[in-house]
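Engineer: Provided below for reference: sequence and predicted model.
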Amino acid sequence: MAKDYYAILGVARDADANTIKKAYRKLAQKYHPDRNPGDKQAEEKFKKISEAYAVLSDKEKRSNYDHFGDSGFHQRYSQEDIFRNVDFGDLFGSFGGEDLFSQLFGGRGGRSSFNGHAGFRQQSLRGQDYSMQIHIPFRLAVTGGERRIDYRHEGRSEQLKVRIPAGIESGSKLRVAGKGGPSPTGGKAGDLILQIEVDSDPIFSREGNDLLVHIAIPFSRICLGTSVEVPTLDQPKRVKVPAGMQPGQKIRLRGFGVPATSKKTAGDLYAVIDVEVPKKLEKEQQELLQKLQETGL
């Protein structure tokens, strides 16, 4: 179920940092487990408002949440990511209790336990995440598959085999668990974040889940109607071109775009019609065109 962090804290989407902090402090004191011993509903509410504050109090996380929405944000941020580097400071005054957040979140807040007087104190630090940009071929991005990448990790060269999901786009990120920096306190290693850039293709272009391919057809064949072979990701497919079709119009090949996944239906392939204009004409062709011109064509 989608989470609206602004609604959870009861603040407007343009609320400033101080407003967000005040809203969280007020709600946290109301639902704090120390004030509501044994109350599971209050505990769940406290978890939700704490998660909302962890995101909205951090400029980068908040920006990503606003940009990608709840679903896209949680594809990019784990529970550990959400609570990483959150400074709860003196928000609770005398409230607290040793290891409160570790108890409530099952250690997924991961780096710390809670102390009401000192805020979060480091207990088992997770290693730093590393980031790396990789380029992948257009067709691999569309159809999905495996990609081997060379990676230098902690002074050693490694070759990683990465699963590329079908339909991935430029700007997407893939997470390779445990291939980031080591933990300085014996905790979990960080992750490797792969930033995906998709190379262009000489035949196809892409609009969302659909593919486009340009087909050049001689003027005479467009006027009279014809059939042409349209390249697809698999085998070429012959399609009819109706007489009089205009340049720039498209012929739709349903289901021949980006393949279907468990979350998306297959896209379509559009053959964009272009007029093929010869650079040179034979004498007979020139004479025929001159006669056509005289008829007003």
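Structural biologist: Perfect, thanks for sending it.
Engineer: low-confidence ranges in the stretch 51-200 of the chain?
Structural biologist: Applying pLDDT under 70 to the stretch 51-200 of the chain picks out residues 87-125, 185.
Engineer: Domain-wise, how is this structure divided?
Structural biologist: 5-122, 130-198, 204-294 (automatic domain parsing).
Engineer: Tabulate these in a markdown table, adding columns for mean neighbour count.
Structural biologist: Backbone N, C-alpha and C define where each C-beta goes, glycine included. Formatted as a markdown table, those follow (neighbours: other C-beta atoms under 10 Å):
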| stretch | mean neighbour count |
| --- | --- |
| domain 5-122 | 16 |
| domain 130-198 | 15 |
| domain 204-294 | 14 |
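Engineer: gap between the residue most central in space within the chain and residue 164?
Structural biologist: Closest to where the C-alpha atoms of the chain average out (C-alpha atoms, centre = their mean) is residue 172, at 4.1 Å. Between residue 172 and residue 164 the distance, using C-beta to C-beta, to the nearest Å, works out to 10 Å.
Engineer: go on, residue 257?
Structural biologist: Residue 257 is 17 Å from residue 164, by C-beta to C-beta.
Engineer: I figured the residue nearest to the centre of the chain was touching residue 196, is that so?
Structural biologist: Yes: Residue 172 lies in contact with residue 196 (C-beta atoms under 8 Å); the separation is 4.7 Å.
Engineer: now stretch 158-170, how far from the centre of its chain.
Structural biologist: Distance of stretch 158-170 from the chain centroid (C-alpha atoms, centre = their mean, to the nearest Å) equals 13 Å.
Engineer: nope, stretch 219-228 is what I meant
Structural biologist: Mean-position distance between stretch 219-228 and its chain equals 42 Å (C-alpha atoms, centre = their mean).
Engineer: Only the C-alpha atoms, please, for that stretch, written as CSV.
Structural biologist: Listed next in CSV are the C-alpha coordinates belonging to stretch 219-228 (Å, rounded to 0.1, in the frame of the first residue of the first chain):
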residue,chain,number,x,y,z
PHE,A,219,7.2,7.7,-53.5
SER,A,220,5.6,5.7,-56.2
ARG,A,221,5.0,2.7,-53.9
ILE,A,222,3.5,4.9,-51.2
CYS,A,223,1.1,6.4,-53.8
LEU,A,224,0.0,3.0,-55.1
GLY,A,225,0.1,1.0,-51.9
THR,A,226,2.6,-1.7,-51.2
SER,A,227,4.0,-4.0,-48.5
VAL,A,228,7.3,-3.8,-46.7
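Engineer: which other residues reach that stretch?
Structural biologist: When contacts are defined by C-beta atoms under 8 Å, 6 or more residues apart in numbering, stretch 219-228 is touched by residues 215, 217, 238-245, 247, 271, 273, 275-277, 297.
Engineer: Try it again at 10 Å.
Structural biologist: 215-218, 236-247, 249, 251, 271, 273-278, 285, 288-289, 292, 297 (C-beta atoms under 10 Å, 6 or more residues apart in numbering).
Engineer: the strands in the stretch 151-297 of the chain, which residues?
Structural biologist: All strands of the stretch 151-297 of the chain, identified by DSSP state E, counting those that start in this stretch, fall at 156-164, 173-176, 192-198, 204-207, 210-218, 226-230, 237-241, 250-253, 269-276.
Engineer: To residue 69, which of the ones you listed lies closest?
Structural biologist: Comparing the strands of the stretch 151-297 of the chain by their distance to residue 69 (C-beta to C-beta), the top pick is strand 173-176, with 15.4 Å.
Engineer: Export only the CA atoms of the closest one, formatted as CSV.
Structural biologist: Included here for strand 173-176 are C-alpha records, laid out as CSV according to Å, rounded to 0.1, in the frame of the first residue of the first chain:
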residue,chain,number,x,y,z
LYS,A,173,19.7,2.0,-10.6
LEU,A,174,20.5,-1.6,-9.8
ARG,A,175,21.7,-2.7,-6.4
VAL,A,176,24.3,-5.5,-6.0
